[in-house]
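*Asks:* 3D, please:
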Amino acid sequence: MTTIATYDTIKYEVDGHKATITLNRPDALNALSPHMITELRAAYAEAENDDSVWLMIVTANGRAFCTGADVKEIPGDGKVVNERPYLSTYEQWEAPQEGTPPFRSMAKPVVVAINGICCGAGLDWVTTGDIVIASDKATFFDPHVSIGLVAAREMVRLAKALPRSVALRMA
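*Replies:* Numbers count the residues shown, from 1 in each chain. Prediction:
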């Protein structure tokens, strides 16, 4: 039996013992908006609490898997939390990361199927998935410098998951 939950920015489908979460903002290259992060967290909780689900798969529609935080969601004045500059508070730094499953506290294995561009906070899936499968169309890079930021936690985690020289070339 197939079960489909209704979300705006993702697709959630349970087929047999497998839950598939598909990032579904292809026009935005599946960039993580606050709304998408809220929906992802709800879908992870739904899969984790469903006894019929034994395995979770995360994938994406379109030419990008995930391009990280949606910079269009950053207010023009740069102030989003407690009237502080963007990315100056713990909550702001952690927000994009909240889009990835809380793997360390989940009992069910998560397979990440990367089928396109994967960068920024999208790299969190590479470093926290139980199994990561990349298609021949997958590309990986760190875009932080293009918006005036330095390489962040993704590079630290990649240095533990990949050969250090590969992670350093991306930073």
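*Asks:* where in this structure is pLDDT low?
*Replies:* Applying pLDDT under 70 to the chain flags residues 1, 74-104, 144-145, 147-153, 155, 159, 167-168, 170-171.
*Asks:* quick one: contacts for the residue nearest to Thr3 when sequence neighbours are not counted?
*Replies:* Leaving aside its sequence neighbours, Thr3 sits nearest to Val14 (Cβ to Cβ, 6 or more residues apart in numbering; 4.3 Å). In this view, the C-beta of every residue, glycine as well, is placed from N, C-alpha and C. Contacts for Val14 (Cβ atoms under 8 Å, 6 or more residues apart in numbering) come out as 2-4, 20, 47, 50, 52-53.
*Asks:* Return a PyMOL selection command for the buried portion of those.
*Replies:* Those of the contacts of Val14 that count as buried under 16 or more other Cβ atoms under 10 Å are selected in PyMOL with:
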select buried, resi 20+47+53
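*Asks:* In helices only, show me the contacts of Val14.
*Replies:* Judged by DSSP state H, those include Ala47 as members of helices.
*Asks:* Of the contacts of Val14, just say which sits nearest to Pro26.
*Replies:* Minimum distance to Pro26 across the contacts of Val14 is 16.2 Å, recorded for Thr20 (Cβ to Cβ).
*Asks:* surely that closest one meets Leu55?
*Replies:* No: applying Cβ atoms under 8 Å as the test, Thr20 and Leu55 come out as separate, 9.4 Å apart.
*Asks:* partner residues bridging the residue nearest to Thr3?
*Replies:* Val14 forms beta bridges with Thr3, Ala19, as assigned by DSSP bridges.
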